[in-house]
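J.: pasted the sequence and its predicted model underneath.
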Amino acid sequence: MSKLIGIMALFVFANFLYAGTVTLTGSCYHQINSNMIYFNISNSGNDTAYNPHIIPFIQNVKTNETSYIMSNIPPGGTDTVNITMENITANGSYGDYFLVAYQQGSSVFTATFPCLITFGKAAESQLLLSYVESYSRGNYTINVTATNAGTSPVQANFSLILPPGISHSRDVSNVYIKPFEVHNALFNVYFNGSADTSYSGAVVANYNANGTNFAAMTNIVLASVATGQHKTDYTILIYAIVIIIIVVLVLRIILVRMKGKKA
């Protein structure tokens, strides 16, 4: 009887204390005059990302496939897709991205990996970007600061790259920024995801000069300050339940042994 209870306890521990995570990191590589782009993804979590689908969003080009399927990515694993681009009309630098959809257990997750890609010739933006993020009740405010470090004015457009399901206020367009002037663009992000999940994205500022596109990009992470507290409360609850189960099992073992001695 005590052995059976011990096995049950181990089963309870396994179910309560194990929570697998998938942590993906994506990067891209592209030579300016090449029609090939390489997207690499790795998993530093402790669970496997199953059936990952890679969907490229690259402006002013056509890819040989609309989506690419990788093999399963186990913990510590990595994989790369080679993407051939056709009908390239892009000229300059662009803030593009790759969308990754994968399975973990019975759930499907998506992740976005921004990528700054240059075509034709080097096109380094004269805009420098930074941002400050604040969080309140599931919503974010992203205050973007753009500094014109060049000697000519630019007419810039600001936008966000975020995973599907995360909505935000409209892009900020036609912002005139003089040389050495600082401009702020404000975005409100409405977060509908899990409080225990962080999402990556980017802020992009585009402008055009003499037929060449210039893009400045800075990566962002949506991770609420309440997430840690939420996880802490959840962990305490799990430990409390486990302790109660252990106490009940121990008491049951004691009662069984006491009955055995009386018999």
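T.: Nice, thanks for sending it over. Owing to the predicted nature of the structure, the values given are computational and were not obtained by experimental measurement.

J.: which stretches in the stretch 101-250 of the chain count as strands?
T.: Applying DSSP state E, counting those that start in this stretch to the stretch 101-250 of the chain gives strands spanning 107-119, 127-136, 139-148, 154-161, 167-168, 172-177, 182-190, 199-209, 212-222.

J.: so which of these gets nearest Gly20?
T.: Proximity to Gly20 (CB to CB) singles out strand 107-119 among those, at 11.1 Å. Where C-beta positions appear, they are placed from N, C-alpha and C, glycine not excepted.

J.: angle of that closest one against strand 212-222?
T.: Between strand 107-119 and strand 212-222, the angle comes out at 150 degrees (axes from the mean of the first three to the mean of the last three CA atoms, to 10 degrees).

J.: about what we covered before: can you tell me which of the strands of the stretch 101-250 of the chain is nearest to Cys28?
T.: Nearest of these to Cys28, taken as CB to CB: strand 107-119 at 4.0 Å.

J.: please identify which helix or strand holds Leu251.
T.: Here Leu251 sits within helix 227-262, counting by DSSP states H and E.

J.: Ala122: neighbour count?
T.: The tally of other residues near Ala122 (other CB atoms under 10 Å) stands at 9.

J.: same check, this time on the one 3 residues further on
T.: A count of neighbours around Ser125, defined by other CB under 10 Å, yields 26.

J.: now it: how far from Ala216?
T.: Noted for Ser125: a distance of 4 Å to Ala216, by CB to CB, to the nearest Å.

J.: who's Thr218 bridged to?
T.: Val203 (DSSP bridges).

J.: likewise for Ser42?
T.: Thr25, Thr78.

J.: can you pull the contacts of it?
T.: Applying CB atoms under 8 Å, 6 or more residues apart in numbering to Ser42 gives the contacts Leu24, Thr25, Ile73, Gly77, Thr78, Asp79.

J.: and Pro52, by the same measure?
T.: The contact partners of Pro52, by CB under 8 Å, 6+ apart, come to Ile41, Ile69, Met70, Asn72, Ile73, Asp79, Val100, Ala101, Tyr102.

J.: name the element it belongs to?
T.: Using DSSP H and E, Pro52 falls in strand 50-57.

J.: Ile243 - how many residues pack around it?
T.: So Ile243, with other CB under 10 Å, has 10 neighbours.

J.: show the pLDDT at it.
T.: Listed pLDDT for Ile243 reads 71.

J.: likewise Met8?
T.: Among the per-residue scores, Met8 holds a pLDDT of 44.

J.: what of the one 3 residues further on?
T.: Per-residue confidence at Phe11 stands at 43 (pLDDT).

J.: state the distance from the residue lying closest to Ser152 once chain neighbours are set aside to Tyr131.
T.: Take Ser152 and drop its neighbours on the chain: the residue closest to it by CB to CB, 6 or more residues apart in numbering is Pro179, 6.3 Å away. Per CB to CB, Pro179 is found 22 Å from Tyr131.

J.: out of those two, which sits in the busier spot?
T.: Counted by other CB under 10 Å, Pro179 and Tyr131 do not tie: Tyr131 has more neighbours, with 17 against 12.

J.: and the nearest residue to the more buried one once chain neighbours are set aside, bridged to which residues?
T.: In space, and not counting its chain neighbours, Tyr131 is closest to Val144: 4.8 Å by CB to CB, 6+ apart. Applying DSSP bridges to Val144 yields these beta-bridge partners: Tyr131, Ala185.

J.: lowest average confidence, helix or strand, in this protein?
T.: helix 2-17 (a mean of 45; mean pLDDT, DSSP states H and E).

J.: kindly tell me how buried Tyr207 is, as a neighbour count.
T.: 22.
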